[in-house]
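Peer 1: Give me a 3D structure for the following:
(4 chains)
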Number of protein chains: 2
Amino acid sequence: MGTKLETGKKIGKADIRHENEKSILEAAESVFAEYGFKGATTSLIAKRAKIPKANLHYYFPTKEKLYRQVVDNIFNIWLEAANSFDDCNDPADALTRYISKKMDISRDHPMGSKVWANEVLHKAPVIHDYLETTLREWTDTRTAVIQRWIDQGKIAPVNPEYLLYMIWATTQHYADYNHQIETLNGGKPLNARQFEDAKEQVVRIILTGIGIEPGKAQ
Amino acid sequence: MGTKLETGKKIGKADIRHENEKSILEAAESVFAEYGFKGATTSLIAKRAKIPKANLHYYFPTKEKLYRQVVDNIFNIWLEAANSFDDCNDPADALTRYISKKMDISRDHPMGSKVWANEVLHKAPVIHDYLETTLREWTDTRTAVIQRWIDQGKIAPVNPEYLLYMIWATTQHYADYNHQIETLNGGKPLNARQFEDAKEQVVRIILTGIGIEPGKAQ
DNA sequence: TAAAATCCTGACCAATCGGTCAAGATAAAC
DNA sequence: GTTTATCTTGACCGATTGGTCAGGATTTTA
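Peer 2: Predicted structure coming up:
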């Protein structure tokens, strides 16, 4: 029949399932980011999600299936920034938006980036198929775009792949290495101002580096 | 009294100790890089070092002490590149050499870089004192050098710390993410030619990006 | 050669972890 | 109201892991 909350909303089984899966996934993301796949324990995830371990295994039968779900979510967020590349054929605009977006993701979803980094570091036992299919296709189309810019003389001749690596490396560094950055920043995370400065500088150096004038665009 | 090898060299206890510690440390570096601290098992390290696990614990009482030793070695190699910064006060030369050196380290000691990355990713439970002391001092003196270049008008005005982060991120990406790079490169590691191209491009984009002409220097 | 120091190793142990299960609680369907 | 489906959980288990230990082997010292 369903009981009621103070708000007056009914709570059904569907809601319970949705709520629990959500809190488990959130807890899992933070624990996997902090300890890696092996180092993470289902009991710690359950504790952070505030449910008994047995209940976690009711929703996610195995640790690996839970992990896959976490990586899936991250990968989708990660690809979300891809759109920035497509809208326009002005390299200054496209790259500025793409780099900015990736910096924002590093700030807003640092744990996701860490899970990904950890996975690649350990030879990607779980996500290897992503690398070979989705990421491969994504990369191929974008390197083609960059190559076109080069052919049109819009940017300096560079190897498109290595340019992408540079963008990925620099932007994700602010998530993956945020502990190191924080320590070097006197123990405090970069504040909003500092982060905007960093973002602006990354855009400026890369754009200038490949021979285009960084615009005011954000 | 010591036995003899085919070479005629005597084998003493000191040699044995040295030999075993070396092979254990090598095995440990690769296993820690591949599986992280938690994921690594002392029995696998022992297996790769071709000695019984009990013997490993004779030389290194605990897994953590072995890990610390590995990180120590890496950190020293990592700081070895620091010299490139000091010799000369021409930014083009200094940065070209520093970036090249860091790229070489990523190629020649990828596992060390991965151990470091893994450690920072997991909030540096073991090396946190390094970050606060040695790395902090190193960074402070180098940002001062960069600031001087700026004040002298030799390079464009940039935030020295964020410039260092960009260099670290981009160069270490070729170690930490080499599995991803390899996959995107058709399953094969970058060959010597490709790696040199990548190195040259990283130098070029960064130097151009901060307003100096990349020389022919290597 | 005898004694001392160092090195080697199979067998073992306590702790932890992923996952199971059975029995109860709650909501949905009829 | 009764049955059925879903959700909850403490107790438990086999497997793995870091680390120990006793006793033997080898080298060094005297």
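Peer 1: Whether the helix or strand residue A:15 falls within contacts DNA strand D - can you check?
Peer 2: Residue A:15 is part of helix A:13-39 when elements are defined by DSSP states H and E. Yes. Legend: contact between helix A:13-39 and DNA strand D by Cβ under 7 Å from any atom of the strand is shown at A:13-14, A:16-17, A:20. Just so you know, the C-beta spots here come from the backbone N, C-alpha and C atoms, and that holds for glycine as well.
Peer 1: nearest to chain B, of those?
Peer 2: Nearest to chain B, judged by Cβ to the nearest Cβ, of the residues of helix A:13-39 next to DNA strand D is residue A:20 at 26.6 Å.
Peer 1: how many other residues sit next to the residue nearest to the closest one when sequence neighbours are not counted?
Peer 2: Closest residue in space to residue A:20, ignoring its immediate chain neighbours: residue A:59 at 6.0 Å, by Cβ to Cβ, 6 or more residues apart in numbering or on different chains. Counted with other Cβ atoms under 10 Å in any protein chain shown, the neighbours of residue A:59 add up to 15.
Peer 1: same question, residue A:122
Peer 2: Neighbour tally, residue A:122, other Cβ under 10 Å: 20.
Peer 1: can you give me the strands for chain A?
Peer 2: A:3-4, A:10-11 (DSSP state E).
Peer 1: Below-threshold pLDDT in chain A: ranges please.
Peer 2: A:1-11, A:87, A:216-218 (pLDDT under 70).
Peer 1: let's go with 80 and repeat that
Peer 2: A:1-14, A:80-81, A:83-89, A:215-218 (pLDDT under 80).
Peer 1: all helices in it, in order from the N-terminus.
Peer 2: A:13-39, A:42-48, A:53-59, A:63-80, A:83-86, A:91-108, A:110-121, A:128-130, A:136-151, A:160-176, A:178-184, A:192-209 (DSSP state H).
Peer 1: hang on, the earlier thing: report the buried members of the residues of helix A:13-39 next to DNA strand D.
Peer 2: residue A:20 (16 or more other Cβ atoms under 10 Å in any protein chain shown).
Peer 1: any idea how far chain B is from residue A:18?
Peer 2: 31 Å (Cβ to the nearest Cβ, to the nearest Å).
Peer 1: Contact partners for residue A:175?
Peer 2: Contacts for residue A:175 (Cβ atoms under 8 Å, 6 or more residues apart in numbering or on different chains) come out as A:105-107, A:109-110, A:112-114, A:117.
Peer 1: Now the two most distant members of those.
Peer 2: Across these, the longest distance by Cβ to Cβ is 15.4 Å; it joins A:107 and A:117.
Peer 1: from what I can see residue A:139 touches residue A:165, true?
Peer 2: No. Taking contacts as Cβ atoms under 8 Å, residue A:139 lies outside contact range of residue A:165: 9.8 Å.
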